[in-house]
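# What follows is a predicted protein model with its sequence.
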Amino acid sequence: MSPRSAGRALPAADAASYMAESVTGHRARHRAVVTPHTSSEDAARRVPPGSGVLEPLPDGRCRLLTGGDALDWLAFRLALLGVAFEVHEPPELIAYLRKPGGRMVAAASGGGPA
């Protein structure tokens, strides 16, 4: 029998709550606040379970609270939503998105390196 690691103890809440807390920034290195430009119902279909928390906004849209340890992975997950979105924070994510965004616009327009 091999020795087992004690591992990390889960908080008193269930595993789903633990995962939601991890991706919404309490444990993640980068916490993001994003407004997807779609209805709350559509956003709920697009955001995979456990990858963020949706908060309703008065105009029928919602705010997405999510997070990640790496800006590139966080940007990729947001791009996979398949809708336009506005990042409110963190400023590091906003700055990060400009680089691949510029390269994608250049590629789509047939331009050279951005």
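Sure, I can see it. Numbering: from 1, shown residues only.
# does the most centrally placed residue in the chain sit in a helix or strand, and which one?
Closest residue to the average C-alpha location of the chain: residue 66 at 4.4 Å, with CA atoms, centre = their mean. Under the criterion of DSSP states H and E, residue 66 resides in strand 62-68.
# so how far is that strand off the chain centroid?
On the basis of CA atoms, centre = their mean, to the nearest Å, strand 62-68 sits 5 Å off its chain's mean C-alpha point.
# So what's the gap between the helix or strand following that strand and the chain middle?
As assigned by DSSP H and E, the chain's next helix or strand after strand 62-68 is helix 71-79. Relative to its chain's centre, helix 71-79 lies at 6 Å (CA atoms, centre = their mean).
# Which neighbours in the sheet does the strand holding residue 66 have, and how are they oriented?
Here strand 62-68 is paired, per DSSP bridges, with strand 30-36 (antiparallel), strand 53-56 (antiparallel).
# So for the longest one, what gets flagged as buried?
Residues of strand 30-36 classed as buried under the neighbour-count rule (16 or more other CB atoms under 10 Å) are 30, 31, 32, 33, 34, 35, 36. For every residue, glycine as well, the C-beta is placed using N, CA and C.
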